[in-house]
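Student: Below are the sequence and a predicted model for it; my questions follow.
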Number of protein chains: 2
Amino acid sequence: MVDPFVYHNPTKVYFGNDALTHIHEELPRWGKNALLVYGGGSIKDNGIYDTIVEEIRKAGISAYEISGVRPNPEIGLAEKGARFCRETGIDLILAAGGGSVIDTAKVIAGSALYEENPWDLVKSRAQISHALPLLAIPTMAATGSEMNGCAVITNPDTHEKLGWTTEALRPKVSFLCPQNTYTVSPAQTAYGSADILSHILEVYLNRAEGFDAMDGFMESMMRSVIRWAPEAMKDGFSEEARSNLLWDSEWAINDLIDRGHSLSWTCHALEHELSACYLIPHGLGLAILTPAFMEYVLNDDTAPRLAQFAVRVMGVKEGKNEKKTARKGIKKLKKFFTRTLGLPASLSEINIDDRLFEEMAAHALSWKSRDGILHGFYPLTEEDLAAIYRKAL
Amino acid sequence: MVDPFVYHNPTKVYFGNDALTHIHEELPRWGKNALLVYGGGSIKDNGIYDTIVEEIRKAGISAYEISGVRPNPEIGLAEKGARFCRETGIDLILAAGGGSVIDTAKVIAGSALYEENPWDLVKSRAQISHALPLLAIPTMAATGSEMNGCAVITNPDTHEKLGWTTEALRPKVSFLCPQNTYTVSPAQTAYGSADILSHILEVYLNRAEGFDAMDGFMESMMRSVIRWAPEAMKDGFSEEARSNLLWDSEWAINDLIDRGHSLSWTCHALEHELSACYLIPHGLGLAILTPAFMEYVLNDDTAPRLAQFAVRVMGVKEGKNEKKTARKGIKKLKKFFTRTLGLPASLSEINIDDRLFEEMAAHALSWKSRDGILHGFYPLTEEDLAAIYRKAL
């Protein structure tokens, strides 16, 4: 049945609109000299920054700042941060922002105690034993980075966007406040929701036997995202929509639903190439690639699972012909991304042409596979990967 | 929407048929002098004991033993264990058995560092800051004790069976091996499965608004138990059935599904009285009481939720009349407990009469409520609780 596995997610989560009021209780448990990492300053507009500064004051610890993290965050800022930590004796990282900020903070936390260049650690997938403790304050529902041990970071010089997963990067404490996500724009809400759906689909779309109940967990989270994402876009201040999306974003990618399987995440592999080369929002790339991927891999072997998705998640009526049912589900998902969330339907709509498809396919494969095949829902070669890009054109 | 909450479950879980081979790696991380707690010796028959002894030897630590834990475990053995720990310098507890064994080990671990009488700690619901580290090796799928911070223990002198929940009691590591549950008898498998279902229903049957996705989590686990319990009774060696039940038993009661609600567990409150007075198996008591409780509380307010249960879990066809749909669901659940699992349908079938109903109702209420009402799915008075016992007669 399932492969043997370890499940261990010790991140402590404060959830609720009072979550940030617990920051000052937690800080002194983890260090005395904090580095606060944030992005372009939106946390200054919406008051989160002031709250954090006040919590740091209450905790009686000292704090430094590094800001300016951008979407598709770059390794340079993490290098700078890690160096700063060593020079200043930082013993604790506090990250406030979206997935880009938290991932940058993870690379800082994971590199600060080592002399090696951070990019070398990422590239070698170093399984480090120590990292600075990281406390995270997410400001949007998307990557779930605040409850897992993975960081995704870009090297603009080599056009590589790579994931670094090692237990030491997992945040010690995360403060999940739905109110902090109220000002996320409709577009960003759409990207984040597509990202959550993709995290679930990367696991859901496989042919290994697993736990019965996990199918239900995944289907119910996907239904929840499909229900609440449009609500959150319509009314950013909907506590119900924001709370549901935030909690869904955690359980979509915090080591529960994928236990017992070894999986290759095809759409993420393809998308990381795209956003490394074209700097598009990650969730947008996923929304375009996912239906193309599903269409491409639909065959007699994959039809039962895709049909189950169609029926249980997209509300397609069960039919005798599984391929037909599956096709209807994919069509409805595509419609959800484009009509309901208002996202572009193809790569050409966002001015991406086929020039780099072969190169990106080769790179995605070399990073993800040792035998020239991406073993996932369906085994894919380099040519297959390029063909999926073309299907999404 | 949901109330603010903390989610924090740091228990490390090894799952799979090789789980026990990791014991020797973990032991030295947690202590040098272990106390092994087990029950009536079934672990000696099925080889688990020998494996553990070999793992302790490999770990190079010393170990003592305390055995003889019985179902509805008594405080006396825990007192003896706690005293032994203090006198012998035990710094680590290892528990191998069902929920009774693990709960006894928890009370030992939680009392060993305090001079107070263990029963006083239980009775005062002491929120202790320290406990001896506990490593758990469950041998059946039922209480989920190996992944939460609750222990249930009986005082035979006062006929009280009480739960003690405090974070320090949570096991540090648990070793979940489906094979270890292969020799659980059909009857015990039925009791355990009823217990798992009840843990979920105690949370599911409420009228508070919560996370959308959690409904799906709970429904899918209940469907999984209903599917696999009969399989495991028919073929104890079914890896698929045993694995599913074991993983379901954890997530039914490890602090995920109930986050954001304050709930009173009505059926457990009623059942603990029953098994304290009559020493019946906990799961058996729950299987009898749960349908009676559901019938008793069915009214206009509770019908929508009970109808949802009927449709999504019991496979009842959705009808216009919610009460009727709900009634069909309760009937099917009762049939599942009695026909499919072969459990008795009423208290009189197990020779329990109405003599203590009022006394048990009063005690359950006084333990669970401060204002004379058990606030749960539906507010219940002492008279209501006695009436539920009578309904189950």
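Tutor: That came in fine, so what should we check first? Everything numeric in this text was worked out from a predicted model, so none of it was measured.
Student: any idea which helix or strand carries A:Tyr64?
Tutor: A:Tyr64 is part of strand A:62-66 when elements are defined by DSSP states H and E.
Student: Phi, psi for the spatially most central residue of chain A please.
Tutor: The C-alpha lying nearest the average C-alpha coordinate of chain A belongs to A:Thr143 (Cα atoms, centre = their mean; 2.8 Å). A:Thr143 adopts backbone torsions of phi -80, psi -20, taken as degrees, to the nearest 10.
Student: Quick check: the gap between it and A:Ile153.
Tutor: Going from A:Thr143 to A:Ile153 by Cβ to Cβ, to the nearest Å gives 12 Å. In short, each C-beta sits where N, CA and C put it, glycine included.
Student: so what sits against both of these two?
Tutor: Overlap between the contact sets of A:Thr143 and A:Ile153, as judged by Cβ atoms under 8 Å, 6 or more residues apart in numbering or on different chains, is given by A:Asp103.
Student: can you list contacts of the next helix or strand after the strand holding A:Tyr64?
Tutor: Sequence-wise, the next helix or strand beyond strand A:62-66 is helix A:75-88, with elements assigned using DSSP H and E. Outside helix A:75-88, the residues within contact range by Cβ under 8 Å, 6+ apart are A:33, A:35, A:37, A:64, A:66, A:68-69, A:90, A:93, A:104-105, A:107-108, A:111-112, A:117-119, A:122, A:132, A:153-156.
Student: that older thread, looks like the residue nearest to the centre of chain A contacts A:Val101 (just checking).
Tutor: No - under the criterion of Cβ atoms under 8 Å, A:Thr143 lies out of contact with A:Val101, with a separation of 10.1 Å.
Student: interface residues of the stretch 1-150 of chain A facing chain B?
Tutor: Residues of the stretch 1-150 of chain A lying close to chain B by Cβ under 8 Å from any Cβ of the partner chain are A:1-19.
Student: For ChimeraX, what selects the buried ones among these?
Tutor: The buried residues among the residues of the stretch 1-150 of chain A next to chain B can be selected in ChimeraX (16 or more other Cβ atoms under 10 Å in any protein chain shown) with this line:
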select /A:1,2,4,5,7,8,9,11,12,13,14,15,16,17,19
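Student: Among the residues of the stretch 1-150 of chain A next to chain B, name the ones in strands.
Tutor: Members of the residues of the stretch 1-150 of chain A next to chain B lying in strands (criterion: DSSP state E): A:5-15.
Student: Turn those residues into TSV, columns for pLDDT.
Tutor: Output for those, formatted as TSV (pLDDT from 0 to 100):
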residue	pLDDT
A:Phe5	96
A:Val6	97
A:Tyr7	97
A:His8	98
A:Asn9	98
A:Pro10	98
A:Thr11	98
A:Lys12	98
A:Val13	98
A:Tyr14	98
A:Phe15	98
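Student: Would you mind measuring from the residue nearest to the centre of chain A to chain B?
Tutor: Per Cβ to the nearest Cβ, to the nearest Å, A:Thr143 is found 17 Å from chain B.
Student: Spatially nearest residue to that residue, not counting backbone neighbours?
Tutor: Of all residues not flanking A:Thr143 in the chain, A:Gly99 sits nearest, at 3.0 Å (Cβ to Cβ, 6 or more residues apart in numbering or on different chains).
Student: excluding its backbone neighbours, what's nearest A:Pro133?
Tutor: For A:Pro133, the spatially nearest residue (Cβ to Cβ, 6+ apart) is A:Trp30, at 4.3 Å.
Student: OK, contacts around that neighbour?
Tutor: Residues touching A:Trp30, when contacts are defined by Cβ under 8 Å, 6+ apart, comprise A:91-92, A:133, A:135, A:172-173.
Student: ok so, going back, just flag the most distant two among the ones in strands among the residues of the stretch 1-150 of chain A next to chain B.
Tutor: When those are compared pair by pair using Cβ to Cβ, the two farthest from each other are A:Phe5 and A:Tyr14, 27.4 Å apart.
Student: Stretch A:244-257 close to chain B?
Tutor: Yes - applying Cβ under 8 Å from any Cβ, one finds stretch A:244-257 in contact with chain B at A:244, A:247-248, A:251.
Student: which stretch of helix or strand covers the residue of chain A positioned farthest from its centre?
Tutor: If you look at how far each residue of chain A sits from its centre, by Cα atoms, centre = their mean, the farthest one is A:Lys320, at 35.6 Å. Assigned by DSSP H and E, A:Lys320 belongs to neither a helix nor a strand.
Student: Equivalent analysis for the one 5 residues further on, please.
Tutor: Here A:Thr325 sits within helix A:322-335, counting by DSSP H and E.
Student: swap in A:Ala287?
Tutor: Per DSSP H and E: helix A:282-297 holds A:Ala287.
Student: just checking, what packs against that helix?
Tutor: On a contact count with 3 or more Cβ pairs under 8 Å, 6 or more residues apart in numbering or on different chains; DSSP states H and E, helix A:282-297 meets helix A:186-204, helix A:266-278, helix A:322-335, helix A:382-391.
Student: out of the ones you listed, which comes closest to B:Lys391?
Tutor: Taking Cβ to Cβ as the criterion, B:Lys391 comes closest to helix A:186-204 out of these, the separation being 41.9 Å.
Student: According to the record, where do the domains of chain A fall?
Tutor: Each domain of chain A is listed here as a residue range: A:12-181, A:189-391, per automatic domain parsing.
Student: Let me have those domains in CSV, extended by distance to B:Ala168.
Tutor: As requested, the domains of chain A are exported to CSV (distance: least, Cβ to Cβ, whole Å):
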stretch, distance to B:Ala168
domain A:12-181, 15
domain A:189-391, 24
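Student: how about the helices and strands packed on helix A:282-297, which one is nearest A:Met221?
Tutor: Proximity to A:Met221 (Cβ to Cβ) singles out helix A:186-204 among the helices and strands packed on helix A:282-297, at 5.7 Å.
Student: May I have the closest one as PDB, with CA atoms only?
Tutor: Coordinates of the C-alpha atoms in helix A:186-204 are reproduced here as PDB (Å, rounded to 0.1, in the frame of the first residue of the first chain):
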ATOM      1  CA  PRO A 186      -8.200  40.300  -6.500                       C
ATOM      2  CA  ALA A 187      -5.400  39.400  -9.000                       C
ATOM      3  CA  GLN A 188      -3.000  38.200  -6.200                       C
ATOM      4  CA  THR A 189      -5.900  36.300  -4.600                       C
ATOM      5  CA  ALA A 190      -6.400  34.500  -7.900                       C
ATOM      6  CA  TYR A 191      -2.700  33.700  -8.200                       C
ATOM      7  CA  GLY A 192      -2.600  32.400  -4.600                       C
ATOM      8  CA  SER A 193      -5.700  30.300  -5.100                       C
ATOM      9  CA  ALA A 194      -4.300  28.800  -8.300                       C
ATOM     10  CA  ASP A 195      -1.100  28.000  -6.400                       C
ATOM     11  CA  ILE A 196      -3.100  26.200  -3.600                       C
ATOM     12  CA  LEU A 197      -5.100  24.200  -6.100                       C
ATOM     13  CA  SER A 198      -1.900  23.200  -7.900                       C
ATOM     14  CA  HIS A 199      -0.200  22.000  -4.600                       C
ATOM     15  CA  ILE A 200      -3.100  19.700  -4.100                       C
ATOM     16  CA  LEU A 201      -3.400  18.500  -7.700                       C
ATOM     17  CA  GLU A 202       0.300  17.700  -7.800                       C
ATOM     18  CA  VAL A 203      -0.300  15.200  -5.100                       C
ATOM     19  CA  TYR A 204      -3.900  14.200  -6.100                       C
END
